[in-house]
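Enquirer: here's a sequence, model it:
(chains A and B)
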2 protein chains.
Amino acid sequence: MTDITKRLAKTSKELDGHIKSYIGDENPDNLIEAARQYPYAGGKRMRPAMVLAACGAVGGDRKKAFPLAVAIEYIHNFTLVHDDLMDGDEVRRGMVTSHVKYGMATAILAGDALFARAFEIMTDLDVPDKTLREILKVVTRAVWDLARGQQMDINNENGEEVTMEEYIETIRLKTSVLFASGAAGGAMVGGADGKTVDAIHSYAMKLGVAFQMFDDILGIVGDPEKTGKSSGNDIRKGKSTVMVCHALANLKGEDLREFRAVLGKNDASEAEIDRVRDILRKAGSIDYAISMAETFTKEAIACLHVLPEGPDKEFMVGLAEYAMAREV
Amino acid sequence: MTDITKRLAKTSKELDGHIKSYIGDENPDNLIEAARQYPYAGGKRMRPAMVLAACGAVGGDRKKAFPLAVAIEYIHNFTLVHDDLMDGDEVRRGMVTSHVKYGMATAILAGDALFARAFEIMTDLDVPDKTLREILKVVTRAVWDLARGQQMDINNENGEEVTMEEYIETIRLKTSVLFASGAAGGAMVGGADGKTVDAIHSYAMKLGVAFQMFDDILGIVGDPEKTGKSSGNDIRKGKSTVMVCHALANLKGEDLREFRAVLGKNDASEAEIDRVRDILRKAGSIDYAISMAETFTKEAIACLHVLPEGPDKEFMVGLAEYAMAREV
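Expert: Below you'll find the predicted structure:
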């Protein structure tokens, strides 16, 4: 394990008890069980770790940020429950998804309940009332944007033509805004001034974009044994990643024809996917995407110059570097 | 029109502009259109009217309560969008439901988006920050309870045996808590003290129960031409209303056998429904339900004795009386 994955694992352990302390036994059992499923199942806990780090990095008391960290994780989980249903995904990290296990209705309600509980938890934050209002503004707006991002993603998969700008906008909404609202919220809990909050918000927005771009890249060139995802599925789905946008703009002749033939082909063979991978490599599309993602990462790190040195800033920088270096 | 329906219509008109001012044009169009569908379509606007009345009744400035009124209406609409999907309902008030019109995924997202926007609107309330925190505590808890109530309702329809107490608990969660959080929130916006807020909360809790009970009664003995609902559908669904619980506890012999045979029979004929209606009448189950609902109504009104006389208190009393007297 790298330092950053060790630190993530440590924070995850630190958070676990908190995450499991906010859903008590109540009627009806099946809804409570379904609401607990995703947040109790673990995961990288990257979002809540970022909340705590942002709070600590501005000199705040990390403990005060725990309720916000849990709330952000619940919001993330609520969107996963609903997204899995919409996307018809049956397995997530080796776990049967909510709608398969509990049925459609209970999955919808479990998501709604997690969403409600997230905001209820936030009302208990030990911060000045004025700060709570500011945190809520950022987080409520993020959830609105998450819905927009997911809808754009669905529209894209339904075959609408997507430009690179539109794709990046979708990532910003689907991934970055929640990262950023958590990080900014953590900084607010820590008592940061407006300029510092803005810098941390920008950092997390850029980091979210970089993270998703590297995810896309791993989806093409990653080792399925490590990522746990079957390589090339984004190609089979016809997803408009940066690589795809670059390729469509730069390929010509036979390569373009072949590329188009496999893109969005549900049942493309491994050989066809391999061929597309070669075409993407040759066209420079993968290098182009890596370079763009690295730029976002570096810009993200640059935003942090406003912060004093320390372990929490180090973690935030490390998280950005990890986005680039990881294999899963 | 009675005084109360006139007043509801007037408030509804007063609210319309506000309700339509909180969802601006944004991408993607289809999500925005879906999010607007229910709140923009009108309706009785009973919940937001109660928010405004509670604010006015405690001497507050009704205008200050508009954002909360809109938020409560959005929350109500978010639950309707999701409930319609779960229940597989295809028409609501003559309108094609969200999931039929926009598809499952967009309906889920439209509900989520309305939910998020409701809380975003609340962060703009012109109240002391401390009051905002208190209002949010009540409303977030209400949304959590709404999910529990809907899940209980689904469990009931799946044939679980339900006692009268359990049925009333379900109504409290499905209907009363949102009424009550809106009314209590309105009173808080109006600057009411804790005792007054509690009294108004109790009023609305009881009123919600009474309202749903009369709804159930209208579902059996109401005129379908007026209610717009096909009479007897609750019987076909096997719904455990107060009437049904009373009948099951009191019927004997052939009547009980006949009643059980039709209860939950999806394709029961009009003649069978008529026969069940007669059995319920003869057993005193309908009178029993009316009497219980009237008791809740009177207790609701009694809670309001803490309020000074005035048009807003009059409206709140009138709304309770309307719950009993209405034909739709």
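Enquirer: and the residue of the stretch 201-328 of chain A nearest chain B?
Expert: Among the residues of the stretch 201-328 of chain A, residue A:240 lies closest to chain B, at 14.2 Å counting by C-beta to the nearest C-beta. Backbone N, C-alpha and C define where each C-beta goes, glycine included.
Enquirer: burial of that residue, as a residue count?
Expert: Other residues near residue A:240 come to 24 when the count uses other C-beta atoms under 10 Å in any protein chain shown.
Enquirer: cool, residue A:243 as well?
Expert: Under the neighbour criterion other C-beta under 10 Å, residue A:243 is assigned a count of 30.
Enquirer: mind checking pLDDT for it?
Expert: Turning to residue A:243, the model gives it a pLDDT of 95.
Enquirer: can you tell me if the helix or strand containing residue A:77 touches chain B.
Expert: Here residue A:77 sits within helix A:66-87, counting by DSSP states H and E. Yes. Using C-beta under 8 Å from any C-beta of the partner chain, we find that helix A:66-87 touches chain B at A:79, A:82, A:85, A:86.
Enquirer: where does the one residue in chain A that gets nearest to chain B land on pLDDT?
Expert: Taking C-beta to the nearest C-beta, chain B has its nearest neighbour within chain A at residue A:129, 3.3 Å off. Note for residue A:129: predicted pLDDT of 97.
Enquirer: that one and residue B:134 touch, don't they?
Expert: No. Under the contact definition of C-beta atoms under 8 Å, residue A:129 does not touch residue B:134, with a separation of 9.5 Å.
Enquirer: neighbour-wise, which of these two wins?
Expert: When neighbours are counted by other C-beta under 10 Å, residue B:134 comes out ahead of the other of residue A:129 and residue B:134, with 18 against 14.
Enquirer: name the element the more buried one belongs to?
Expert: Under the assignment given by DSSP H and E, the secondary-structure element containing residue B:134 is helix B:129-157.
Enquirer: now the element after that helix, going C-ward?
Expert: Counting by DSSP H and E, what follows helix B:129-157 is helix B:164-171.
Enquirer: that next one packs against which elements?
Expert: Other helices and strands packing on helix B:164-171, by 3 or more C-beta pairs under 8 Å, 6 or more residues apart in numbering or on different chains; DSSP states H and E, are helix B:129-157, helix B:194-221, helix B:242-250.
Enquirer: got CSV for these, with distance to residue A:50 too?
Expert: Conversion of the helices and strands packed on helix B:164-171 to CSV gives the following (distance: least, C-beta to C-beta, whole Å):
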stretch, distance to residue A:50
helix B:129-157, 23
helix B:194-221, 37
helix B:242-250, 51
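Enquirer: how about these in TSV, adding distance to chain A?
Expert: Below are those laid out as TSV (distance: least, C-beta to the nearest C-beta, whole Å):
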stretch	distance to chain A
helix B:129-157	3
helix B:194-221	16
helix B:242-250	18
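Enquirer: and residue B:317, which of those is closest to it?
Expert: With C-beta to C-beta as the measure, helix B:194-221 is the member of these nearest residue B:317 (9.4 Å).
Enquirer: state the mean pLDDT of the closest one.
Expert: If you average the per-residue pLDDT over helix B:194-221, you get 95.
Enquirer: list the buried residues of that helix.
Expert: Of the residues in helix B:194-221, those buried under the neighbour-count criterion (16 or more other C-beta atoms under 10 Å in any protein chain shown) are B:196-197, B:199-220.
Enquirer: and stretch A:34-45, by the same measure?
Expert: By 16+ other C-beta under 10 Å, the buried positions in stretch A:34-45 come out as A:34, A:35, A:36, A:37, A:38, A:39, A:43, A:45.
Enquirer: how about the residues of the stretch 51-200 of chain A by chain B?
Expert: Proximity of the stretch 51-200 of chain A to chain B (C-beta under 8 Å from any C-beta) is limited to residues A:79, A:82, A:85-86, A:104-106, A:108-113, A:115-117, A:119-120, A:122-123, A:128-130, A:132-133, A:136-137, A:140-141, A:143-144, A:146-148, A:150-152, A:154-155, A:169.
Enquirer: buried ones among those?
Expert: The neighbour-count test (16+ other C-beta under 10 Å) marks A:79, A:82, A:85-86, A:104-106, A:108-113, A:115-117, A:119-120, A:122-123, A:132-133, A:136-137, A:140-141, A:143-144, A:146-148, A:150-152, A:154-155, A:169 as buried among these.
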